[in-house]
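> attaching a predicted model along with its sequence, questions to come.
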Amino acid sequence: MKIFKGKYFIVSIAISALIVTSALFIRAQYVVPVIMYHKIDGNSAASRLSVSPESFKRQMRFLKDQHYNVVRLEDLAEIIRKNKIPSKTIAITFDDGYENNYINALPVLKQLGLDATIFIIPALVGTEEYLTWSQITEMSESGFIAIGSHTMTHPWLPTQPVQKLDSEIRDSKIAIEKRLNKEVAAFSYPLGGFNKDVREKVAQAGYKIAVATNPGKKYPRHDIFAMKRLRISSTSDNLFVFWFEITGFYTWIKEHRDKD
């Protein structure tokens with residue numbers, strides 16, 4: 001009987017150690033969800049980057065009702081530096097600066113009291129389908145929208161010469177700041193493209209945080225100048241899918257499912 005109890009104790013210790021080790025491993029894979037939208041217009045048949053206004057509203061309502069800690073990107077940078085990430089922290093971003101963000105997203109965010117960052121391309125402001133400076137100013141002054149830079153003209157940065165990088169990264173920041181009379185703290189790499197030199201240019205330009213798309217598992221979980229994001233599309237219309245994507249572990253699953 002004593003031998004049996006001894007074996008049972010050893011097995012219990014082994015199981016407990018396995019559970020603790022597994023829990024620590026899972027926790028180590030957590031990535032703060034930074035969700036990425038483009039168009040909020042419901043035209044998913046024409047673009048996979050499109051989300052319907054109805055789905056967007058349901059998703060934002062889900063974040064509100066489930067008590068997610070929705071933070072701005074510049075605040076997320078400070079949270080990561082301190083390595084104290086509150087439970088259910090998430091950031092909302094929009095790329096390109098489409099006018100439907102003003103028409104269909106801003107009213108929802110204001111109604112629910114949720115913050116977001118919209119990355120604009122100064123050269124495209126005021127052109128067809130894109131935000132005007134008047135709309136951008138109104139969004140910035142609403143208290144719910146931070147305006148970030150998506151470069152001056154939206155080029156693929158890794159192939160640009162040094163002088164062009166300075167123009168796209170630094171000058172776009174200056175141009176937006178002059179228009180809004182506010183600091184531009186966040187940057188989004190067009191098409192998610194960057195390398196070591198581009199990343200360094202962004203840091204030197206004075207941004208506090210930069211977001212990519214899918215840098216891959218070789219990059220750190222929380223590199224504040226290469227933040228990983230989750231693209232939200234019509235496949236996230238189902239709230240269960242949306243919830244699964246924003247658990248904080250979907251990034252790890254995706255990176256190990258896909259090829260680099």
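Thanks, I have it.

> the longest strand anywhere in the chain pairs with which strands?
Identified as the longest strand of the chain according to DSSP state E is strand 89-96. Strands that pair with strand 89-96, judged by DSSP bridges, come out as strand 34-37 (parallel), strand 69-70 (parallel), strand 116-120 (parallel).

> pLDDT averaged over the last one - what is it?
The average pLDDT for strand 116-120 rounds to 98.

> report the distance from it to the chain centre.
10 Å (CA atoms, centre = their mean, to the nearest Å).

> try stretch 91-111
From the chain centre to the centre of stretch 91-111 is a distance of 14 Å (CA atoms, centre = their mean).

> CA atoms only for it, dumped as PDB, please.
C-alpha atoms of stretch 91-111 as PDB (Å, rounded to 0.1, in the frame of the first residue of the first chain):
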ATOM      1  CA  ALA A  91      -6.100  47.900 -30.100                       C
ATOM      2  CA  ILE A  92      -8.200  48.800 -33.100                       C
ATOM      3  CA  THR A  93      -6.600  50.100 -36.300                       C
ATOM      4  CA  PHE A  94      -7.600  51.100 -39.800                       C
ATOM      5  CA  ASP A  95      -5.300  51.300 -42.800                       C
ATOM      6  CA  ASP A  96      -5.400  53.600 -45.800                       C
ATOM      7  CA  GLY A  97      -7.900  56.200 -44.600                       C
ATOM      8  CA  TYR A  98     -11.100  55.400 -46.500                       C
ATOM      9  CA  GLU A  99     -14.000  57.800 -46.300                       C
ATOM     10  CA  ASN A 100     -16.300  54.900 -45.200                       C
ATOM     11  CA  ASN A 101     -14.300  54.900 -42.000                       C
ATOM     12  CA  TYR A 102     -15.700  58.300 -41.300                       C
ATOM     13  CA  ILE A 103     -19.200  57.400 -42.400                       C
ATOM     14  CA  ASN A 104     -19.600  53.900 -41.000                       C
ATOM     15  CA  ALA A 105     -17.000  53.400 -38.200                       C
ATOM     16  CA  LEU A 106     -16.700  56.800 -36.400                       C
ATOM     17  CA  PRO A 107     -20.400  56.900 -35.300                       C
ATOM     18  CA  VAL A 108     -20.100  53.400 -33.800                       C
ATOM     19  CA  LEU A 109     -16.800  54.100 -32.000                       C
ATOM     20  CA  LYS A 110     -18.200  57.300 -30.600                       C
ATOM     21  CA  GLN A 111     -21.500  55.600 -29.500                       C
END
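
> tell me the contacts of Asp197?
Leu165 (CB atoms under 8 Å, 6 or more residues apart in numbering). (Each C-beta comes from the backbone N, C-alpha and C, glycine too.)

> phi, psi of it?
phi -70, psi -40 (degrees, to the nearest 10).

> surely Pro158 meets Phe194?
Yes. At 6.5 Å, Pro158 counts as touching Phe194 under the criterion of CB atoms under 8 Å.

> so these two - more neighbours on which side?
Applying other CB atoms under 10 Å to Pro158 and Phe194 shows that Phe194 carries more neighbours, namely 23 against 14.

> what sits against the more buried one?
Leu157, Pro158, Val202, Ala210, Ala212, Pro215, Ala226.

> CSV for those residues, including secondary structure, pLDDT and distance to Phe242?
Listed next are the contacts of Phe194 as CSV, based on DSSP: H, G, I helix; E, B strand; the rest coil; pLDDT from 0 to 100; distance: CB to CB, whole Å:
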residue, secondary structure, pLDDT, distance to Phe242
Leu157, helix, 97, 30
Pro158, helix, 96, 31
Val202, helix, 97, 29
Ala210, strand, 97, 25
Ala212, coil, 93, 21
Pro215, coil, 68, 22
Ala226, coil, 93, 24
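
> pull out the buried members of those residues.
By neighbour count, with 16 or more other CB atoms under 10 Å, the contacts of Phe194 hold Leu157, Val202, Ala210, Ala212, Pro215, Ala226 as buried.

> JSON lines for the strands paired with strand 89-96, including mean neighbour count?
Putting these into JSON lines (neighbours: other CB atoms under 10 Å) gives the following:
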{"stretch": "strand 34-37", "mean neighbour count": "22"}
{"stretch": "strand 69-70", "mean neighbour count": "17"}
{"stretch": "strand 116-120", "mean neighbour count": "26"}
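
> good, we can wrap up now.
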